[in-house]
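1. Next input, structure requested:
(chains A and B)
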Number of protein chains: 2
Amino acid sequence: MSQPSGPIDDFWAVIPAGGAGTRLWPLSRSAYPKFLRDLTGSGRSLLQETHDRLAPLTDGRFLVVTGRAHREPVLEQLADLDESSVLAEPSARDSMAAIGLAAAVLERTQPDAVMGSFAADHVITESEEFRACVRTAVTVAREGWLVTLGITPTFPSSAFGYLQLGAALPGHPGVAAVQRFVEKPSVAVAEEYLATGQYRWNAGMFVVRPGVLLDLLATWHPEFAATLRVIAAEPDRLDELWPALPKIALDHAVAEPAADAGRVVTVPSTFGWEDIGDFDSLAALLHALGDASGHDPVVAGPRVLGDDALVRPVDSTGLVVPQSGRMIAVVGLDDVVVVDTPDALLVTTRARAQEVKQIVTALKDGGHADLT
Amino acid sequence: MSQPSGPIDDFWAVIPAGGAGTRLWPLSRSAYPKFLRDLTGSGRSLLQETHDRLAPLTDGRFLVVTGRAHREPVLEQLADLDESSVLAEPSARDSMAAIGLAAAVLERTQPDAVMGSFAADHVITESEEFRACVRTAVTVAREGWLVTLGITPTFPSSAFGYLQLGAALPGHPGVAAVQRFVEKPSVAVAEEYLATGQYRWNAGMFVVRPGVLLDLLATWHPEFAATLRVIAAEPDRLDELWPALPKIALDHAVAEPAADAGRVVTVPSTFGWEDIGDFDSLAALLHALGDASGHDPVVAGPRVLGDDALVRPVDSTGLVVPQSGRMIAVVGLDDVVVVDTPDALLVTTRARAQEVKQIVTALKDGGHADLT
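-> All right, here's what the predicted structure looks like:
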């Protein structure tokens, strides 16, 4: 391939860094959510890995949008960013407000910008291929399209939304129109999708010119777009105007109606992508990474996220997260999940990992919000 | 019943306080073994409960025999004992040496003494009935018998030794000769024993005059008995003579051959008795105690040894021991065992509880003896 490898002119990486990650408690906390955590054992947090993956394309052009409580840790983790690169939301108002705020700021200050929005808490295992897809997406986005990266499904997941491919986009080999977005289907419906070969996972990764995004938003939510543009022009009014913004995902506010209007295209992609929703998917990811690394692919015992020397397994499988420095012995349990932190301990199974959310709710209701 | 209720003249309670309790790691440690722990949630350690159970019979006459490393914590826990009431073994040499040392000291200093030896780490649930049995045993022991308390089996255990009842002892209703002691049988053999009604569990509780015990020992191990008597006469020679004493249990050294020689009788007893060997038996005991107390006998969820408020179970059963002050969430695990201490954590199942011993061995071999 003769793809160029340097930064992309005028390309800005927007990183919405939000989400509570309550199903990853006690590793993920409201004060220190999963995007600030190293969930792959790489030594870098998910946010840092997201940054590192995009840095070769941006020449330092980043906008991270995060909650006020997380602004300081974000700046600490991304030491090369200056303060103006981190936008702090007064409150969480879902992805349209977060990404729209970044778009409005860029529209005003960077007239030639193309932005790409990538969540801070996704895991991507083939960075080179990811960057090649982004490069293609930027080229297409310059022409005024809303471009999404469509992930090739590896199994009929009922946990992700899908997009249906339409006609090929002339002049851009491999790029196709998005005929429609569909919500999380049942596994049976997902199996039908995969059989057609015409569906991709919607990972919520969008590449678009900021003005195009805001104009599309203005088509269906004119006041929303206007308010974002006022905030960009008069930053002092952020606290006043922000609370009135609708809580809505970018997919619903813009992507779905824009697809219906024939304004969305996708770069179908085959890089490995994971949205770590709970300890079951984290265990699966760590197994996949361990196998891919060539290290002990058939080794017995649980995966360890942290210091292996702190875990003494006997005839056990699953996931152990030693984060308190204590020795952890696990005897005779299959697919167990043990997450050991200085002030809270979780013991469950991969099959029950979804229910961890209940614990967080119960702790909040029981006067232990400090542990959530 | 017209049983007297005060102290028994010249009765000395001997409490051998030894045993590593490695299957109760990380609750039981070599520096702080299970007899120093509260394993029933009573607020008193097993040693303290043993003391409290015997105190009404002894009028302060106690001899605790323990390892040097445990002498200080024993004296701290039993504040009413003076220093001369705690004999420190230079090293662990099994129960014959420990109990024999106490016998030799008493033989020399208390010519009319009858001693009763009761391990520091057993649980007895009916103290009044226990004391009534001890009272009977002392009466019989004054006549020169080696008297054992024979526990009525509640199930065909393969974890305990048994004794077989012989002829009734004239003049002492309910007391019978011990025809023989038998080692831990298979469950099938234990079932046969129970069917006959002629077998009792051997709990290693002996009541005897110190001189009788030493004379019996001298019959089969003359040098052993002589050395113990030298140590009692010349305490300064303890360190010199102790290492040469055989490592042998009192059952093998004296009780078994004495039974064959027709010198052992038993007071059959029906008080509740538990030797907490591992977390499975501890869980069973806590279930039994919970049921007996009339509290929530049908409550769902795991038993908690410690502060209930630190445990958040969802659809789980088993045993949780919160000892580090941290919050513990357990989701979707049946018969799980979670033991949380400040420097080590154990997660296993009741069925696999026996294997915890392997962890202790592995930690020692792996340079982590400090955690054992």
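
2. need the contact list for the residue in the stretch 201-350 of chain A that chain B sits nearest to.
-> Distances between the stretch 201-350 of chain A and chain B by C-beta to the nearest C-beta are smallest at A:Gly332, namely 3.2 Å. The C-beta positions use only the backbone N, C-alpha and C, and glycine is treated the same way. Contact analysis of A:Gly332 by C-beta atoms under 8 Å, 6 or more residues apart in numbering or on different chains lists A:Val314, A:Asp315, A:Ser316, B:Thr348, B:Thr349, B:Ala351, B:Arg352, B:Glu355.

3. What residues are bridge-paired with the fifth one?
-> Each beta-bridge partner of B:Thr349 is listed here, defined by DSSP bridges: B:Val336.

4. Give the burial count for it, as a bare number.
-> 20 (other C-beta atoms under 10 Å in any protein chain shown).

5. residue contacts, it?
-> Counting by C-beta under 8 Å, 6+ apart, B:Thr349 has contacts A:Val331, A:Gly332, A:Leu333, B:Gly318, B:Asp335, B:Val336, B:Val337.

6. Would you map the strands across the stretch 151-300 of chain A?
-> Using DSSP state E, counting those that start in this stretch, the strands found in the stretch 151-300 of chain A span residues A:162-168, A:176-182, A:199-208, A:264-269, A:273-275.

7. just checking, what packs against the longest one?
-> Pointing back at strand A:199-208 there. With contacts taken as 3 or more C-beta pairs under 8 Å, 6 or more residues apart in numbering or on different chains; DSSP states H and E, strand A:199-208 sits against helix A:94-109, strand A:114-117, helix A:127-141, strand A:146-151, strand A:162-168, strand A:264-269, strand A:273-275.

8. Name the residues of the fifth one that are buried.
-> Right, strand A:162-168. A:Tyr162, A:Leu163, A:Gln164, A:Leu165, A:Gly166 (16 or more other C-beta atoms under 10 Å in any protein chain shown).

9. ok so, going back, let's see if you can find the most crowded of the contacts of B:Thr349.
-> B:Val337 (28 neighbours).

10. so what's it up against?
-> B:Phe279, B:Asp280, B:Ala283, B:Gly318, B:Leu319, B:Val320, B:Leu346, B:Val347, B:Thr348, B:Thr349, B:Arg350, B:Ala353.

11. Not counting its neighbours along the chain, what's nearest the residue of the stretch 201-350 of chain A closest to chain B?
-> Distance criterion C-beta to C-beta, 6 or more residues apart in numbering or on different chains; nearest residue to A:Gly332, sequence neighbours excluded, is B:Arg352 at 3.2 Å.

12. try A:Thr317
-> A:Thr317 sits nearest to A:Asp334 (C-beta to C-beta, 6+ apart), 5.1 Å away.

13. ok so, going back, can I get the contacts of B:Val337 in a markdown table including pLDDT?
-> Shown next, in a markdown table, are the contacts of B:Val337 (pLDDT from 0 to 100):
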| residue | pLDDT |
| --- | --- |
| B:Phe279 | 96 |
| B:Asp280 | 94 |
| B:Ala283 | 94 |
| B:Gly318 | 96 |
| B:Leu319 | 97 |
| B:Val320 | 97 |
| B:Leu346 | 98 |
| B:Val347 | 98 |
| B:Thr348 | 98 |
| B:Thr349 | 97 |
| B:Arg350 | 96 |
| B:Ala353 | 94 |
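
14. any low-confidence regions in chain A?
-> A:1-3, A:291-300 (pLDDT under 70).

15. So what does the residue most central in space within chain A look like in phi/psi?
-> Residue closest to the mean C-alpha point of chain A, counted by C-alpha atoms, centre = their mean, is A:Ala119 at 3.0 Å. The phi and psi values for A:Ala119, taken as degrees, to the nearest 10, are phi -60, psi 150.

16. so what's it up against?
-> A:Ile15, A:Pro16, A:Ala17, A:Gly19, A:Phe35, A:Thr50, A:Ala203, A:Gly204, A:Met205, A:Asp275.

17. got a winner among those residues for most neighbours?
-> Of those, with other C-beta under 10 Å as the count, A:Phe35 tops at 29 neighbours.

18. Wasn't it part of a strand?
-> No. The assignment for A:Phe35, made by DSSP: H, G, I helix; E, B strand; the rest coil, is helix rather than a strand.

19. Count the residues that sit near the closest residue to A:Ala104 other than its chain neighbours.
-> With sequence-adjacent residues excluded and distances taken as C-beta to C-beta, 6+ apart, A:Ala104 is closest to A:Ala232, at 3.7 Å. A:Ala232: 21 surrounding residues under other C-beta under 10 Å.

20. so who does A:Ala232 touch?
-> Contacts of A:Ala232 (C-beta under 8 Å, 6+ apart): A:Leu101, A:Ala104, A:Val105, A:Glu107, A:Arg108.

21. re the thing from before, go through the contacts of A:Gly332 and give me the one with the most neighbours.
-> B:Thr348 (30 neighbours).

22. What does the closest residue to it other than its chain neighbours show for phi and psi?
-> The shortest distance from B:Thr348 to any non-neighbouring residue, by C-beta to C-beta, 6+ apart, is to A:Val331 (3.8 Å). Dihedral pair for A:Val331: phi -120, psi 120, per degrees, to the nearest 10.

23. ok, now which ones touch A:Val331?
-> The neighbourhood of A:Val331, defined by C-beta under 8 Å, 6+ apart, consists of A:313-316, B:346-349, B:352, B:355-356, B:358-359.

24. run the last query once more with 10 Å
-> Shown in contact with A:Val331 (C-beta atoms under 10 Å, 6 or more residues apart in numbering or on different chains): A:312-316, B:337, B:346-349, B:352-359.

25. Can you tell me which of the contacts of B:Val337 are buried?
-> For the contacts of B:Val337, buried by 16+ other C-beta under 10 Å: B:Phe279, B:Asp280, B:Ala283, B:Gly318, B:Leu319, B:Val320, B:Leu346, B:Val347, B:Thr348, B:Thr349, B:Arg350, B:Ala353.

26. returning to that earlier point: any chance of the backbone angles for the residue nearest to A:Gly332?
-> The phi/psi pair for B:Arg352 (degrees, to the nearest 10) is phi -100, psi 10.

27. That one and A:Val178, how far apart?
-> The spacing between B:Arg352 and A:Val178, counted by C-beta to C-beta, to the nearest Å, is 52 Å.

28. And A:Ser84, by the same measure?
-> The gap separating A:Ser84 from A:Val178 is 33 Å, by C-beta to C-beta.

29. Just want to know which of those two has more residues nearby.
-> A:Val178 (26 against 9).

30. What sits closest to that one if chain neighbours are left out?
-> A:Val264 is the one closest to A:Val178 (C-beta to C-beta, 6+ apart), at 4.2 Å.
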